[in-house]
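K.L.:
with the input below, show me the fold.
(chains A and B)
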Protein chains: 2
Amino acid sequence: MQKMMAINDIMAMDKQQRVHFINSLGGFKSVALIGTVDATSLENLAIFSSVIHIGANPPLIGLIFRPSPPERNTLSNLLETGFYTINHINEAIYDKAHQTSARYEKEVSEFDVTGLTPTYKDDFIAPFVKESLVQIGMVFREKIDININNTIMVIGEIVQVYFPENCQCKDGFIDLEKANTITCSGLDSYHTTKRLDRLSYAKPDKETTSIISDYFE
Amino acid sequence: MQKMMAINDIMAMDKQQRVHFINSLGGFKSVALIGTVDATSLENLAIFSSVIHIGANPPLIGLIFRPSPPERNTLSNLLETGFYTINHINEAIYDKAHQTSARYEKEVSEFDVTGLTPTYKDDFIAPFVKESLVQIGMVFREKIDININNTIMVIGEIVQVYFPENCQCKDGFIDLEKANTITCSGLDSYHTTKRLDRLSYAKPDKETTSIISDYFE
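P.N.:
Model prediction:
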């Protein structure tokens, strides 16, 4: 049976129920760990489920920040230093990744409390997560205030990428499933994926075909 | 073996390879069909992989628009009428959903060419996709120019939601896996999901636990 809820029903929900409901309606989300340091090199690590592709040229990724404590430390750090890392989450670390969403004091490093390992590479000043298989070094580019609900979009440019070599296809695509990257839904649900297909570029009057066969070199 | 690519390597890639590469780095994405009509009731349907949760109170979802034709029709329609629909994509329709990304002329309805069925409900002026199990009616709220690469973020408010009644958990969460919603990566890769777990709200000095057991009513 299909159920219908109108805006009045939604606004009449218990607050926490509405948060779970609305968060799940946006679909499966890109989830990652954001690594930063402040000006005194104090490390911070926080899980975000609002990673969004903004463009490929220049290579840009966006993040949405809410005014809550774990996200506030990440935001002040990346504005202070100009740099941050995006680290994909895999099946081996999703529970530790989730734990970074707890409201730790600023002087506590989420690396320490979760046991995830900070790693520094190629003189990049923000820490990568060693256990992550896809690691991205970002430089801050733009901060956009979303006035309608006091959230903030931060846009950064990709400047360094580390990934398992055998996960890149000949057309440039990174096979995230092969790289063990997971997805999430709602506030707390984590999922692995299973590929249905890759489809050819769609054109009018032409049926799309599977492009899996010419996938890897 | 881990491979490293710096910004110079990325900018030196073939343009299409870079598009595939960068698009996949953002992780698994929320993908949906956006249904609109123009002022003359001409229907449009377009796939978007940039659906993003903005907030629960008020209930807001964002979309990123690129200045390419299929997205341009959707944007002008939703600005013209103020309304649009977000329709989750499932395993039965992902190939048809992908086909909507072809550059059809404005007078062509993507419903007609793909065989997806427009359906109108409860006086909402934009068409829902009948084959979609989770359907959301949206009202336009805000348009934000992202000047760094000439993209646009549109934020809308959820005003009507239709979903399978047996997919809602007692805490409000919609089990998207049970609703057959899929995810995508890169430009053209579609994936079903398999739940690892739902984890309890994270607190300092407390281990998170699975909350699957008290999942459904």
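K.L.:
scan chain A for its longest strand.
P.N.:
strand A:151-164 (DSSP state E).
K.L.:
quick one: that one to strand B:151-164, angle?
P.N.:
Orientation of strand A:151-164 against strand B:151-164 (axes from the mean of the first three to the mean of the last three Cα atoms, to 10 degrees) gives an angle of 90 degrees.
K.L.:
next secondary structure after strand A:151-164?
P.N.:
Once the chain leaves strand A:151-164, the next helix or strand it forms, by DSSP states H and E, is strand A:183-185.
K.L.:
neighbouring strands of whichever helix or strand comes after that next one in the sheet, and parallel or not?
P.N.:
Going down the chain from strand A:183-185, the next helix or strand is strand A:189-198, by DSSP H and E. Next to strand A:189-198 in the sheet, as set by DSSP bridges, lie strand A:183-185 (antiparallel), strand B:189-198 (antiparallel).
K.L.:
and strand A:189-198, average pLDDT?
P.N.:
The pLDDT scores in strand A:189-198 average 97.
K.L.:
now it: buried residues?
P.N.:
A:189-193, A:195-198 (16 or more other Cβ atoms under 10 Å in any protein chain shown). (Glycine included, C-beta is placed from N, CA and C.)
K.L.:
got the buried residues for the lowest-mean-pLDDT helix or strand in chain A?
P.N.:
Taking mean pLDDT, DSSP states H and E as the measure, chain A has helix A:69-81 as its least confident helix or strand, at a mean of 89. Neighbour-count burial for helix A:69-81 flags A:70-71, A:73-75, A:77-78, A:81 (criterion: 16+ other Cβ under 10 Å).
K.L.:
next: stretch A:91-104.
P.N.:
Neighbour-count burial for stretch A:91-104 [16+ other Cβ under 10 Å]: A:93-102, A:104.
K.L.:
can you check the distance spanned by that stretch, start to finish?
P.N.:
Length of stretch A:91-104, first residue to last, Cα to Cα, to the nearest Å: 24 Å.
K.L.:
nearest residue to residue A:65 other than its sequence neighbours?
P.N.:
residue A:152 (4.4 Å; Cβ to Cβ, 6 or more residues apart in numbering or on different chains).
K.L.:
bridged to the one you found, which residues?
P.N.:
residue A:65, residue A:145.
K.L.:
same deal with the one 5 residues further on?
P.N.:
Applying DSSP bridges to residue A:157 yields these beta-bridge partners: residue A:60, residue A:139.
K.L.:
give me the distance between it and residue A:59.
P.N.:
6 Å (Cβ to Cβ, to the nearest Å).
K.L.:
those two - which one has more neighbours?
P.N.:
Neighbour comparison, residue A:157 and residue A:59: the larger count goes to residue A:59, with 27 against 20 (by other Cβ atoms under 10 Å in any protein chain shown).
K.L.:
that one reaches residue B:23, doesn't it?
P.N.:
No. Here residue A:59 does not reach residue B:23: they are 9.6 Å apart, not a contact under Cβ atoms under 8 Å.
K.L.:
check which helices and strands the longest strand of chain A sits against.
P.N.:
Here strand A:151-164 touches strand A:59-65, helix A:69-81, strand A:135-146, strand B:2-6, helix B:7-11, helix B:15-25, going by 3 or more Cβ pairs under 8 Å, 6 or more residues apart in numbering or on different chains; DSSP states H and E.
K.L.:
done for today, thanks.
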